[in-house]
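[1] Turn this into a model:
(one chain, ligands or ions: 1)
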Amino acid sequence: MVQDIVAKFKELYHHEPVVARSPGRVNLIGEHTDYNEGFVLPAAINKEIYFALAPNGTQTMRAHAFDLEESAEFDLNKVQRADIGWANYLLGVVAQLQKAGHEVKGFDVVFGGNIPIGAGLSSSAAVECGLAYALNYLFAYGIERFDLVKMAQKAEHEYALVMCGIMDQFASMFGKRNHVVKLDCRSLEYQYYPLEIEDYRLVLCDTQVKHSLASSEYNTRRQECERGVAILRQHYPQVRSLRDVTLEMLTQHQAEFDPVVYRRCTYVVQENLRVEEACQDLERGDLEAFGQKMFASHQGLQHDYEVSCPELDFLADKARASDAVLGARMMGGGFGGCTINLVKLAQLDEFTQQMTEAYQQQYGIQLKTYVAEIVEGSSLVPIDFSK
Ligand code: GAF
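    Here you go, the predicted structure:
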């Protein structure tokens, strides 16, 4: 894949590029908690986007999306949102760099990879982080990784128009091989936990559906959480987000809540507690207990937060009924994409076969499954041009 992207770069632009990579992510637990200033437990995975890029001595970004076989050019003196979806991820990053006072000189870029689009594995964050990382290297801006993460998130807000939290960009940039990272989305303090799962595998089951509700409901959930915070702040002025809320506070003031908002808030408070406890499970090496929390997380996302969908529920239920699985849940924003499953290695083939057959029978869709390996965050890729 990397060689093909470099070859395409040379064919189109006739010079030699530097190459960077940025991974997609999984999230073991802690869903819809990031924008509530809570806790998440993601990891970068071996589904990645590669960038070949080099300065071109002009004021133009010449870009080629390898997987889509599409090219476009943009004047860097007038960066604004474009009509081309993929280009907005690149332009959004350039705009953030310019806003922060960095001069972005003309460059050529070819990018592509193997992160399935719309599967909830954060291909968009990988594109944003990868370009931010690569330009930082190419033009020697000296920007810290944390600031690159924030720029990538802003690019998503302002150019992709999705009001995401910080988890996806953080995981893509800060991933560590064979570790999950617990991130405090308020302070941005983080801690790596080794994921010692020799006898197990993280398996992603891709529903291959993406219901159109996804982005509108995402923004609605954010508003519902804010409504809950506003109610509680009248009683507890120190409450800034659901991160500061306990289950006791919620039950005490339940009567003041709209029932839907109450369920949303309850889920978030419970999910934050689950992340804390799941990390203790990891420290004790208790994967059974960890897996139970994944199931509980799915239940909350399905019934209280209501961001699941029939296809995800079907896969989570099947997994729960299988003795090959320690834990399973929907992952990411919801309304489609993947479930994440902690599966016994000895029963891996049996599991994928059973899930594939069941999904085919129920929905007539060929399930895609991926065994996720946990890799490093954004980095350069050394290329030997003499070959
Ligand atoms: C999407 C968002 F981009 C993340 O920030 C996060 O909120 C996630 O949904 C839900 O946990 O991936």
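[2] what residues does stretch 108-115 touch?
    For stretch 108-115, contacts defined as Cβ atoms under 8 Å, 6 or more residues apart in numbering pick out 1, 4-6, 8-9, 12-13, 15, 17, 21, 23-24, 47-54, 56, 61-67, 90, 121-123, 126-127, 130-131, 134. No exception for glycine: its C-beta is placed from N, CA and C like everyone else's.
[3] Just the buried ones from those residues, in ChimeraX syntax?
    Selecting only the buried entries of these in ChimeraX, with 16 or more other Cβ atoms under 10 Å as the criterion:
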select :5,6,8,9,13,17,21,23,24,47,48,49,50,51,52,53,54,56,61,62,63,64,65,66,67,90,121,122,123,126,127,130,131,134
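[4] In helices only, show me the contacts of stretch 108-115.
    Per DSSP state H, helices hold the following members of these: 4-6, 8-9, 12-13, 90, 123, 126-127, 130-131, 134.
[5] Mind pulling the model confidence for residue 162?
    What the model reports for residue 162 is a pLDDT of 88.
[6] That one contacts residue 214, correct?
    No. At 9.2 Å, residue 162 and residue 214 do not qualify as touching, with contact defined as Cβ atoms under 8 Å.
[7] So for those two, which sits in the more crowded spot?
    The residue with more neighbours, out of residue 162 and residue 214, is residue 214; 19 against 15, by other Cβ atoms under 10 Å.
[8] and the more buried one, what is it in contact with?
    Here residue 214 is in contact with 333-336 (Cβ under 8 Å, 6+ apart).
[9] which of these are close to the ligand?
    residue 333 (Cβ under 6 Å from any ligand atom).
[10] interface residues of the chain facing the ligand?
    31-32, 34-35, 164-165, 167-168, 332-333.
[11] now the strands for the stretch 201-350 of the chain?
    325-330, 336-344 (DSSP state E, counting those that start in this stretch).
[12] would CSV of these with mean neighbour count and mean pLDDT be doable?
    Shown next, in CSV, are those (neighbours: other Cβ atoms under 10 Å; pLDDT from 0 to 100):
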stretch, mean neighbour count, mean pLDDT
strand 325-330, 26, 98
strand 336-344, 25, 97
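[13] Using JSON lines, lay out these together with distance to residue 271.
    What follows is these, written out as JSON lines (distance: least, Cβ to Cβ, whole Å):
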{"stretch": "strand 325-330", "distance to residue 271": "10"}
{"stretch": "strand 336-344", "distance to residue 271": "15"}
